[in-house]
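A.B. asks: Fold the following for me, if possible:
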Amino acid sequence: MIMVDQSKRLSKPLHWTRAGRIAVLAACGLLLVALVTVGVLASTTGSRQPGCIEVTYASSLGAALMHPCGSHAREACARPDQYPAAAAHGALREACRQAGLPYGRSATSG
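C.D. replies: Residues are numbered from 1 along each chain as shown. Down below sits the predicted model:
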């Protein structure tokens, strides 16, 4: 098949129409808004609740999340041997430290 004037068409720069420019600007604007929204949500969600600990640790199916609050959190920090997977790499110890809970001590003592 013979391409008539193909070399002439290929040598010309692309010509953007007004609608094309508006579409590209709108897409870039939406992308920017989406990135800002994700950034804001990532920085605000996961905020710690008072009296709660949050531990992410490796499990047989991938990652597992432990989120006890109140007396359950104090018990988990006091008896890390009951949660060996969470305590294995120090994740439970760090969560207890951040919450100000004693680690590895009896839940009934001070």
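
A.B. asks: What is the burial count for residue 99?
C.D. replies: Residues within reach of residue 99, counting by other C-beta atoms under 10 Å, total 19. (Each C-beta comes from the backbone N, C-alpha and C, glycine too.)

A.B. asks: The one 3 residues further on now?
C.D. replies: When neighbours are defined as other C-beta under 10 Å, residue 102 has 14 of them.

A.B. asks: and what of residue 95?
C.D. replies: For residue 95, the neighbour count with other C-beta under 10 Å is 25.

A.B. asks: ok, for it, nearest residue in space, not its chain neighbours?
C.D. replies: Nearest residue to residue 95 in three dimensions, chain neighbours excluded: residue 53, at 4.1 Å (C-beta to C-beta, 6 or more residues apart in numbering).

A.B. asks: show me the contacts for the one you found.
C.D. replies: Applying C-beta atoms under 8 Å, 6 or more residues apart in numbering, we find residue 53 in contact with 66-69, 73, 76-77, 92, 95-96, 98-99, 101.
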